[in-house]
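A.B. asks: Dropping the sequence and predicted coords here.
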Amino acid sequence: SSCVCAVETCISLQSLSGQYSEWTATRRLPQALIIGVKKGGTRALLEFLRLHPDIRALGSEPHFFDRHYARGLAWYRSMMPKALDGQIVMEKTPRYFVTVETPERVHSMSQDVKLIVVVRDPVTRAISDYTQIISKTPNIPPFESLVFKNHTTGMLGPLWIGLYAQHLERWLAWFPRTQIHLVSGERLISDPAGELGKVQDFLGLQRIVTDKHFYFNKTKGFPCLKKPEGSSKPHCLGKTKGRTHATIDPEVMQRLRDFYKPHNQRFYQMVGQDFGWQ
Ligand SMILES: Nc1ncnc2c1ncn2[C@@H]1O[C@H](COP(=O)(O)OS(=O)(=O)O)[C@@H](OP(=O)(O)O)[C@H]1O
């Protein structure tokens, strides 16, 4: 930037500094994790955070703590993108939030890791989950017959994932509340820059991702990026994000709302924040 050299030397100095970054960057274990929730808006959050120069994020979901734990930390580290000193390495695997073994395992990797959970109205979340399942397995039974059976795990448990208080309690047995940041899935859509501002504060980063980075795409019905990482063209998330939801009988909706009400209240009390889900 403050070059006092001939143009050609400047250019070669710049490419050298790029090379130097490549040499000095190393693979490190993550210092921050997006642990949930499934269908909360976790991909959007990670894609938005990626705009920050001090964040290096893994693109795929490694499922280390829930599925591949036996492969060990060296394997997990080898999955991570290279990062420079001072950059925060992160990944997202929404399944972590609901897997019983995960909090202890994450804690044994690092006591200081910062945890982020994107929460969304559990009723909408369940419908979103069902919409995803039906897009892959078109012949599954109707929503109501799936959700009101007493299933507790797996694909037939779209209700169980939304019991946020119950899941969070397990994390709070291992991590202080201050180390867990909650993002409102609703506000991530209505005010992405506002939610991103708070996440950057939580991660101890400068607020570099701001409202300048977003525009609302009317066709998509969601905020999109003006200039994603490494590109100058606007970019929205893919077709699997922001699907048209299945229409649910209003009576079923009411039953769902009644079912979640006490759980939501307990969650608001636990976190000291009211997310306003009706
Ligand atoms: N900007 C933007 N663009 C598109 N979609 C957005 C965005 N912000 C949040 N969302 C919401 O993200 C929902 C998908 O959540 P996840 O990425 O956590 O899903 S997954 O668990 O990884 O499958 C997805 O759920 P559905 O609307 O049900 O498809 C979206 O509502």
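C.D. replies: Arrived safely, thanks for sending.
A.B. asks: what are the bridge partners for Val118, then?
C.D. replies: The residues paired with Val118 through beta bridges, assigned by DSSP bridges, are Val183.
A.B. asks: distance of it from Ile34?
C.D. replies: From Val118 across to Ile34, the span is 7 Å (C-beta to C-beta, to the nearest Å). (Glycine included, C-beta is placed from N, CA and C.)
A.B. asks: list residues touching both of those two?
C.D. replies: Both Val118 and Ile34 are in contact with Thr42, Leu45, where contact means C-beta atoms under 8 Å, 6 or more residues apart in numbering.
A.B. asks: Poorly predicted segments of the stretch 51-200 of the chain, please.
C.D. replies: Applying pLDDT under 70 to the stretch 51-200 of the chain flags the ranges 149-157.
A.B. asks: ok, now with 90
C.D. replies: 133-159 (pLDDT under 90).
A.B. asks: Return the residues of it in contact with the ligand.
C.D. replies: Counting by C-beta under 6 Å from any ligand atom, the stretch 51-200 of the chain comes close to the ligand at Pro94, Ser128, Thr131, Leu188, Ile189.
A.B. asks: ok, now with 5 Å
C.D. replies: Taking C-beta under 5 Å from any ligand atom as the criterion, the stretch 51-200 of the chain approaches the ligand at residues Pro94, Ser128, Ile189.
A.B. asks: Serialize the residues you listed to TSV and add fields for distance to Glu144 and secondary structure.
C.D. replies: Formatted as TSV, those follow (distance: C-beta to C-beta, whole Å; DSSP: H, G, I helix; E, B strand; the rest coil):
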residue	distance to Glu144	secondary structure
Pro94	24	helix
Ser128	16	helix
Ile189	26	helix
